[in-house]
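Peer 1: Attaching a predicted model along with its sequence, questions to come.
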Amino acid sequence: PHSLACLPKPLDRLSVSWGVYGGPALLGSSLRLAVQVGGGSQEGKRGGERKGGTGGMRHGIEEQESGEELVCLLDDEEERMVERQSEGWGEGRLQTPHPSDANPSSSNLASHSRRTGGGSWHERGERERDMQTVDWSFERTGRRAHAGRVRCMTGKWPAVLRVLYEGWDRGLGWLVLCAVGVSSGVVCSLVDIGADWATDLKLGRCQRGWWMSRAACCIDSRDLAGCPDWAAWAGGHGVVALGAYAVLGTGMAGLAAWLTRELAEDAQGSGIAEIKVILGGCVMRRFLRPWTLVVKAMGVILSVGSGLSIGKEGPMIHISACIGSLWSRLFAKFRSSEASQRELLSSAAAAGMGVAFGAPIGGVLFSLEEASTYFPPRTMWKAFFCATAGVATVQYFHRLPVSGKLALFEVHFHSQWKWFEMPAFAIVGAIGGILGSLLIRLTLFFTSLRKTSFLQQHPVYETVTLCILTCALHWNISLLRGGTNGLIASLLSDCSLDQGTEQSVLCAGGGDSSAGVITLSDALTSLVFAGLVKFFLTSLTATARVPGGTLVPSLAIGALLGRAAGLWVESLHKSQGDSGMFGACVNVSKCVTPGVYAMVGAAAVLGGVTRMTVSVVVIILELTGGLEYVLPLMVAVMVSKLVGDACGTESLYDEMVMMHGYPYLDTKNEAPTTDLLAGDIMTQTPLDCVALNDTTLSSIEALLVCSQFQGFPVVTTVQEMQVSGFVSRAALSGALLEVQNSRGGRDSPIDIWGVTDTAPLQITPTTQVDRVWELFSFWA
């Protein structure tokens with residue numbers, strides 16, 4: 001909601017305006033309201049308090065007592081800003097800036113009013129929509145108004161035409177959802193195939209075709225290590241092989257960083273934090289533009305293929321959201337409704353997660369639990385439909401030989417877990433919560449370091465350096481040398497299956513195929529060391545200026561440490577036999593399965609990083625097909641969340657939202673317990689209003705240039721200050737553009753009543769802060 005306006009009270013009363021920032025921002029970026037402290041009628045002067053006190057302040061043409069006019073300079077905005085800042089608005093008054101001014105990290109997301117001097121008013125209006133927020137109550141009214149217009153328009157039509165048109169109007173949304181799901185499936189499948197090919201290119205090439213990944217090339221071979229069609233560079237050993245691995249990796253990483261810097265800075269990272277903010281009601285159009293989609297798709301192939309400790313699954317959510325935004329721009333029904341766009345984006349986010357992991361149900365739950373703030377019941381069915389269309393498309397692509405796989409991490413063991421293992425599962429969950437919290441803290445530390453050091457200006461050099469370090473470590477750790485997805489698949493495998501040379505480490509002391517190959521202590525050391533290295537590299541690379549996410553690396557960290565725990569429990573069983581706590585293993589061929597512990601560890605660390613619960617369990621079940629292990633997964637994820645919350649951090653995405661200072665109100669949290677009033681947390685700043693008796697082209701133009709507010713109360717006159725509604729900055733820009741296109745004069749009136757919210761929410765300064773929280777949480 002952005003439409004709390006000054007109250008219809010005399011000027012000597014304290015009035016509140018919501019809309020300084022265009023929307024809510026609580027806790028991480030504290031709730032900001034503007035206070036208008038009424039005073040008596042005072043003499044207006046340039047740079048000081050204006051006629052009528054703060055209650056009568058407005059931009060445009062200001063009249064002094066002598067009748068002399070003060071005109072805000074439109075042709076020299078920077079000089080005006082310097083003058084205003086140096087002279088001040090009056091004693092004890094501060095002009096509240098746009099959120100981008102207080103938050104340098106979001107300067108690339110919003111071109112705010114201090115930089116709107118160039119371009120047409122239409123271009124300025126498009127830029128000004130960034131960082132505004134959605135008025136959900138106003139959007140609901142618009143949805144009902146649209147349905148009424150359709151009924152009115154078709155009321156006199158023949159019954160057949162009326163039914164056909166209404167069916168088209170209602171079915172259009174489903175057609176767009178299907179198009180978004182299929183498009184997401186196609187693009188994400190191409191990204192998946194390209195990332196696998198780029199990852200394997202560092203190690204060698206397929207003799208059957210250079211465009212084939214190792215899995216596709218050796219689809220008919222039982223052992224990838226002995227595939228006759230795959231040729232490793234220089235036999236896979238020596239300086240030449242290491243040089244090819246490092247040069248190709250750093251080249252891809254440097255190219256990904258360069259593309260991101262030059263073409264679309266918004267494509268960096270996973271984008272999940274920004275998607276949360278957008279779905280929460282903030283307008284960030286640049287984040288969803290076509291160039292961002294292109295660079296994100298190309299960049300994630302290169303960055304993941306380079307070997308950096310990041311994943312492609314998180315960016316697929318951003319890619320799907322960009323696709324949903326592009327489809328919404330083609331139809332006026334979505335283009336004119338921010339709420340309808342967010343329903344479509346919520347479905348697109350579900351499709352993105354679904355196609356990333358092949359988990360449509362998990363994708364819907366992810367959108368509900370983590371991503372979306374505005375998620376009405378009808379959106380769940382739409383999200384499920386969109387995710388199903390996307391996953392079906394991905395499954396079709398995975399039937400092709402070039403892909404070479406049917407499921408991401410399918411497990412082939414289905415042994416029943418034992419109750420004596422439950423404490424071990426809980427301990428693994430607690431360790432996952434601790435590691436998740438540490439990963440969040442380290443990621444925030446490295447992110448802050450990037451912003452405050454010389455690295456801020458050299459993203460390409462930083463990325464290349466990170467890739468050199470990563471390649472050096474991965475080359476000397478055989479478990480990490482290949483792709484992360486292949487590593488997780490090996491960790492979730494059964495020791496009774498022949499999975500190649502890595503079984504000597506993964507099954508030490510546990511299976512017949514590994515007997516005498518490597519000792520248990522060496523295997524545990526290798527797994528734990530690889531997990532710690534992966535942990536450090538993930539925290540260091542998570543917010544690098546290239547497209548990439550932390551979902552799959554988190555799974556890999558947990559799977560490595562969980563596999564180590566499973567090997568230790570299995571060795572303990574072998575040493576004690578089927579007695580004591582292992583009495584349940586009598587007459588059981590396979591009592592302890594290390595792959596189950598890897599599965600539980602992966603879920604625990606992912607839950608510790610994201611603080612998701614239900615969606616993590618469902619995603620892991622859909623990934624692996626191990627329905628027998630739903631209870632161990634639930635226990636581990638629950639313990640992981642409890643321990644992670646006790647460590648004092650929010651989820652990684654919530655922490656990133658707070659670090660960047662995005663205007664976001666998390667409605668899932670409870671209202672803060674405090675005795676503060678709304679007036680205690682308001683900033684005392686002048687309030688700019690739009691007077692209905694002075695809505696000429698010149699006055700509105702001056703208001704848009706001179707004011708930094710994202711919305712304005714609409715009053716009858718500046719003398720009465722009776723509230724008639726609320727109008728956003730973007731709506732005023734659109735109305736101004738229409739008058740300019742009609743070649744109206746400087747004194748031409750502008751009709752703003754059609755774009756004004758005539759029923760703005762209003763509160764008093766004596767309202768409790770917790771009630772303010774609940775009010776905006778309800779309307780969100």
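Peer 2: Noted; the coordinates are in hand.
Peer 1: shouldn't Val718 be in contact with Ala691?
Peer 2: Yes. Here Val718 reaches Ala691: they are 5.1 Å apart, a contact under CB atoms under 8 Å. For glycine as for every other residue, the C-beta is placed from the backbone atoms N, C-alpha and C.
Peer 1: Return the backbone torsion pair for Val727.
Peer 2: Note on Val727: its backbone torsions stand at phi -130, psi 140 [degrees, to the nearest 10].
Peer 1: Next, count neighbours for the nearest residue to it once chain neighbours are set aside.
Peer 2: The spatial neighbour of Val727 that comes closest, neighbours along the chain excluded (CB to CB, 6 or more residues apart in numbering), is Thr756 at 4.8 Å. Applying other CB atoms under 10 Å, we find 23 other residues in the vicinity of Thr756.
Peer 1: Ok, Phe397 next?
Peer 2: 17.
Peer 1: what sits against it?
Peer 2: For Phe397, the set of contacting residues under the criterion of CB atoms under 8 Å, 6 or more residues apart in numbering consists of Gly185, Val186, Ser189, Ile193, Ser403.
Peer 1: and which of the residues you listed is nearest to Thr624?
Peer 2: Of all those, Ser403 has the smallest distance to Thr624: 19.0 Å, by CB to CB.
Peer 1: per-residue pLDDT, Cys6?
Peer 2: According to the predicted model, the pLDDT of Cys6 comes to 35.
Peer 1: How about Gly254?
Peer 2: According to the model's per-residue confidence, Gly254 sits at a pLDDT of 94.
Peer 1: you'd agree it is in a helix?
Peer 2: Yes. Counting by DSSP: H, G, I helix; E, B strand; the rest coil, Gly254 is found in a helix.
Peer 1: ok, how many other residues are close to it?
Peer 2: Other residues within reach of Gly254 by the criterion other CB under 10 Å amount to 19.
Peer 1: Pull up the per-residue confidence for the closest residue in space to it that isn't next to it in sequence.
Peer 2: Across the structure, with CB to CB, 6+ apart as the measure, the residue nearest Gly254 apart from its sequence neighbours is Val464 (4.7 Å). At Val464, the model reports a pLDDT of 94.
Peer 1: Determine how far the helix or strand harbouring Leu487 lies from the middle of the whole chain.
Peer 2: For Leu487, the enclosing helix or strand under DSSP states H and E is helix 484-491. In terms of CA atoms, centre = their mean, to the nearest Å, the centre of helix 484-491 is set 25 Å apart from its chain centre.
Peer 1: Run through the stretch 101-250 of the chain and note the low-pLDDT ranges.
Peer 2: When residues are selected by pLDDT under 70, those of the stretch 101-250 of the chain lie in 101-131, 135-138, 140, 221-226.
Peer 1: show me where it has strands.
Peer 2: Using DSSP state E, counting those that start in this stretch, the strands of the stretch 101-250 of the chain run over residues 204-206, 230-232.
Peer 1: Can you spell out which helices and strands pack onto the last one?
Peer 2: Pointing back at strand 230-232 there. strand 204-206 (3 or more CB pairs under 8 Å, 6 or more residues apart in numbering; DSSP states H and E).
Peer 1: Show me what the strand it packs on is in contact with.
Peer 2: With CB under 8 Å, 6+ apart as the contact definition, strand 204-206 has outside contacts at Met212, Ser213, Arg214, Ala216, Cys217, Asp229, Trp230, Ala231, Ala232, Trp233, Gly236.
Peer 1: Please identify which of those is nearest to Thr141.
Peer 2: Ser213 (51.9 Å).
Peer 1: give me phi/psi at that closest one?
Peer 2: For Ser213, the backbone dihedrals (degrees, to the nearest 10) come out as phi -80, psi 170.
Peer 1: neighbours around it, how many?
Peer 2: By other CB under 10 Å, the burial measure for Ser213, its neighbour count, is 25.
Peer 1: same deal with the one 3 residues further on?
Peer 2: Residue crowding around Ala216 was assessed by other CB under 10 Å; the count is 22.
Peer 1: From Gly679, how far out is it?
Peer 2: When CB to CB, to the nearest Å is the yardstick, Ala216 and Gly679 sit 65 Å from each other.
Peer 1: Do me a favour and get the end-to-end distance for stretch 707-727?
Peer 2: Its first and final residues considered, stretch 707-727 spans 14 Å by CA to CA, to the nearest Å.
Peer 1: Can you list the low-confidence ranges for the stretch 251-400 of the chain?
Peer 2: By pLDDT under 70, the low-scoring segments of the stretch 251-400 of the chain are 374, 399-400.
Peer 1: for this protein, what spans make up the strands?
Peer 2: Listed in chain order, the strands of the chain (DSSP state E) span residues 14-17, 34-37, 61-63, 69-71, 204-206, 230-232, 683-684, 690-691, 711-715, 723-728.
Peer 1: Quickly note the distance from the nearest residue to Val304 once chain neighbours are set aside to Ile301.
Peer 2: The shortest distance from Val304 to any residue other than its chain neighbours is 4.3 Å, reached at Ala195 (CB to CB, 6+ apart). Remark: distance between Ala195 and Ile301 (CB to CB) = 5 Å.
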